[in-house]
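In: return atomic coordinates for the entry below.
(chains A and B)
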Amino acid sequence: MLGVGILKGLTETARNFFGSYVNKDRLTTIQFPEERAPRIEASRNFPFLVYDGTDAMQGLRCVSCLICEKECPPKCIFIEKSTDKKPDATGKPQFYPAKFNIDVSVCMSCQICVEVCPFDAIKMDNAFELSATDRFDDLLWDKNRLAKPNEYYREVHPTEAAAVDAELAAARAKAAAPKAPPPPPAQPATPTATPPAKETPAEK
Amino acid sequence: MTPDTIDQIFVISKHLLLGYLPSSLQPVVSAILSVVPVLVVFPLLFAITTVLERKGLGRIQNRYGPNRVGPFGFSQPIADGIKSLTKEDIIPRNADQVVHFLAPLLLVLAAFLAYAVLPIGRNMVITNLNAGVLFFFAIGSMVELAVFMAGWSSRSKYSLLGAMRAVAQMISYEIPLVLASIVIIMVSGSLSTVDIVNLQAGYTSIWPHWFVFTPWGFAGFLLFMVAATAESNRSPFDLPEGESEIIAGYYIEYSGFKFALFFLGEYLGMFATSGLAITLFLGGWAAPFSFLTWIPSYFWFFAKLLVLIAVFIWIRGTFPRLRMDQLMNLAWKFMLPMSLLNIVTAGVWHFMPAGIVRWLVCIALLVAPCLLLSRLLKQGKKLQVRTYRFAE
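Out: Predicted coordinates for the structure are as follows:
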């Protein structure tokens, strides 16, 4: 009959209208600054540099191999390789980035730097409130600002971080193991050459 | 103070003020004292309506709507006003500068002029014209001129399309709008809005004598409200400004406060037509029951107005926009015959003796053709479930 559809539609909207005052589950809006949705694990926004241990500059996994700088499509990573070597978190002397800057305003969140990094040194963060008042200094992040501990990585990407940690541990154990069992028969005289017997995995 | 004093408080205080003036100044000051409250109250109502509408539409869609500015977001209109005042006023280089400037002013002027004949309370009307309804419709058609001026002078294809649509729609719906109100003029025998309300202000035991409580009055009210929705360019008849098709229609080239003026004019037009619907069908300022007459008459007028505005918002939140041919079909093939039939029914009602038979005959005279007509109009159409071949 004429008009039945109109009445049906009107009842539906009226039910929504009154229901939204009675039933709070209907209102799915999260009122952002006060309320926050939990961060989504699979989301990514901007890279950060992972470090092990407590001292950020000491424990950076980055050995400034410059692969990410070369691969970065919008060319927003600027690295200056160090001239000297410095012991990393595991104590092995490595090159380190004297400067490591990423331009927030240029980065397109493609994650290619993460994909190409052989040292698991750069990972994606899902923090998204990156706006700043100064468009020059505040948007070019240096390594002090980019460095975040491995614990933070475990917090934002638990699944991925567990896999990376397991892989790293396996690689470090593997790096340590061949030194331990084979040396006794072959070269028992060099246990002091590489004292910690641990190193970052050279290749995946 | 008796209820009667409270009811007439504005009238009494106006006469008191006028008493202190020399008689040569009295007509001018009297006009100013009548007009200024209308110029203040209805834009304020517009401000409140915008925020209520946004909140209501939000709730209809299960979201909060504006709730940031002020308590519960009710200061939002102030923020909107400041924003539109501080925006740059852009006039397109190729636009007809003068007409482009005049169009929003004319729209608001036309909307305001219509309030001159609306009785918003007992003895509270700016002018009691003896051709008040005629004046209202004459002023109402000035809106079309303003809309077309805006669309034509902007020199934009979108605005021209919007203006063409608006004019076509407004002219089409003006006919059922006027024909729907003709029944009231027939029955009351007067074109004066004040007389029409006075006729409805009586009571049988507790029930009011509103025209909406008769078969022809009810049908006329429905027809009037549908036509009024189309006249005020509101959803589902918002083709002239269909955002998804022609962006903003006739006011696309307007920015800043001129844009806000278009908004204001549109809402004032809606309030004015709602006010006329109240005057013609819903008893104007008369209370709905005889035991409620102690509440001031202006309260009842604004209560009814707010109810009608709520219905407008409800309808806007419910229905999708019509297509142009559906819009025209509704106006010319359905509403025009029905409103003509309604006039016949009002005549039959007038000449039949009062009683249940009169009711049955008049209801049958309206319902049967309505059903037949809607069946007939559906016949040619293939109503089928739309299938999506490529989007699956």
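In: which bits of chain A sit near chain B?
Out: Within chain A, the positions adjacent to chain B are A:1-2, A:6, A:9-10, A:12-14, A:16-17, A:19-21, A:26-29, A:31 by Cβ under 8 Å from any Cβ of the partner chain. Heads up, the C-betas are built off the backbone N, CA and C, glycines and all.
In: now a ChimeraX select for only the buried ones of those residues.
Out: Buried residues among the residues of chain A next to chain B (16 or more other Cβ atoms under 10 Å in any protein chain shown), as a ChimeraX selection:
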select /A:10,13,16,17,20,27
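In: near residue B:376, how many residues? Count them for me, please.
Out: Neighbours of residue B:376 under the rule other Cβ atoms under 10 Å in any protein chain shown: 12.
In: now it: which helix or strand?
Out: Assigned by DSSP states H and E, residue B:376 belongs to helix B:356-379.
In: anything in that helix near chain A?
Out: Yes: Helix B:356-379 is in contact with chain A by Cβ under 8 Å from any Cβ, via B:370, B:371, B:374.
In: just the strands in chain A please.
Out: Secondary structure of chain A (DSSP state E): strands at A:46-51, A:77-87, A:93-103, A:122-125, A:140-141, A:147-149.
In: just the stretch 151-300 of chain B next, same as before
Out: For the stretch 151-300 of chain B, applying DSSP state E, counting those that start in this stretch gives strands covering B:203-204, B:207-208.
In: show the average pLDDT along stretch B:26-46.
Out: For stretch B:26-46, mean pLDDT is 88.
In: can you read off the pLDDT for residue 54?
Out: Just going to use chain A. 82.
In: oops, wrong one, chain B.
Out: pLDDT for residue B:54: 91.
In: ditto for residue A:79
Out: Confidence score, pLDDT, at residue A:79: 91.
In: just checking, it touches residue A:100?
Out: Yes: using Cβ atoms under 8 Å, residue A:79 is in contact with residue A:100, at 5.3 Å.
In: could I get stretch B:84-99 in PDB with only the CA atoms?
Out: This file holds the C-alpha atoms of stretch B:84-99, laid out as PDB (Å, rounded to 0.1, in the frame of the first residue of the first chain):
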ATOM      1  CA  SER B  84      31.500  32.300   8.300                       C
ATOM      2  CA  LEU B  85      32.000  36.000   9.200                       C
ATOM      3  CA  THR B  86      35.800  35.700   9.000                       C
ATOM      4  CA  LYS B  87      35.900  33.800   5.800                       C
ATOM      5  CA  GLU B  88      36.900  35.500   2.600                       C
ATOM      6  CA  ASP B  89      34.000  36.700   0.500                       C
ATOM      7  CA  ILE B  90      34.800  35.500  -3.000                       C
ATOM      8  CA  ILE B  91      33.000  36.700  -6.100                       C
ATOM      9  CA  PRO B  92      33.800  34.900  -9.300                       C
ATOM     10  CA  ARG B  93      35.500  37.100 -11.900                       C
ATOM     11  CA  ASN B  94      32.900  36.500 -14.500                       C
ATOM     12  CA  ALA B  95      29.900  36.800 -12.200                       C
ATOM     13  CA  ASP B  96      27.400  39.500 -12.500                       C
ATOM     14  CA  GLN B  97      28.600  41.400  -9.400                       C
ATOM     15  CA  VAL B  98      25.400  43.300  -8.600                       C
ATOM     16  CA  VAL B  99      23.000  40.400  -9.000                       C
END
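In: now, of the residues of helix B:356-379 next to chain A, which are buried?
Out: For the residues of helix B:356-379 next to chain A, a burial check counting by 16+ other Cβ under 10 Å picks out residue B:370.
In: pLDDT below threshold where in the chain?
Out: Using chain A here. Flagging of chain A using pLDDT under 70 yields the residue ranges A:1-2, A:89-90, A:178-204.
In: nope, chain B
Out: Those would be B:1, B:380-383, B:391-392, if you go by pLDDT under 70 across chain B.
In: most centrally placed residue in it?
Out: The residue lying closest to the centre of chain B (Cα atoms, centre = their mean) is residue B:273, at 2.5 Å.
In: quick one: residues contacting that one.
Out: B:140, B:177, B:228, B:231, B:232 (Cβ atoms under 8 Å, 6 or more residues apart in numbering or on different chains).
In: could you dump the residues of helix B:356-379 next to chain A into TSV with distance to residue B:70 added?
Out: Converted to TSV, the residues of helix B:356-379 next to chain A look like this (distance: Cβ to Cβ, whole Å):
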residue	distance to residue B:70
B:370	47
B:371	50
B:374	47
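In: so residue B:252 versus residue B:268, what's the distance?
Out: Remark: distance between residue B:252 and residue B:268 (Cβ to Cβ, to the nearest Å) = 21 Å.
In: adding mean neighbour count, write the strands of chain A out as CSV.
Out: CSV is the format used below for these (neighbours: other Cβ atoms under 10 Å in any protein chain shown):
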stretch, mean neighbour count
strand A:46-51, 22
strand A:77-87, 14
strand A:93-103, 18
strand A:122-125, 22
strand A:140-141, 20
strand A:147-149, 19
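In: tell me if the top helix by length along chain B is near chain A.
Out: Ranked by residue count, the top helix of chain B under DSSP state H comes out as helix B:26-60. Yes: judged by Cβ under 8 Å from any Cβ, helix B:26-60 and chain A are in contact via B:56, B:59, B:60.
In: thought the second one was touching residue B:66?
Out: Pointing back at residue B:59 there. No: here residue B:59 does not reach residue B:66: they are 11.6 Å apart, not a contact under Cβ under 8 Å.
In: count the neighbours of the closest residue to residue B:359 other than its chain neighbours for me.
Out: Counting by Cβ to Cβ, 6 or more residues apart in numbering or on different chains, residue B:215 is the residue found nearest to residue B:359 once chain neighbours are left out, at 6.7 Å. Residue B:215 has 22 neighbours, counted by other Cβ under 10 Å.
In: quick one: residue B:215 from residue B:229, how far?
Out: In this view, residue B:215 and residue B:229 are 22 Å apart by Cβ to Cβ.
In: from the centroid of chain A, which residue is nearest?
Out: residue A:123 (2.6 Å).
In: need the contact list for that residue.
Out: Applying Cβ under 8 Å, 6+ apart to residue A:123 gives the contacts A:47, A:48, A:50, A:114, A:153, A:157, A:160, A:164.
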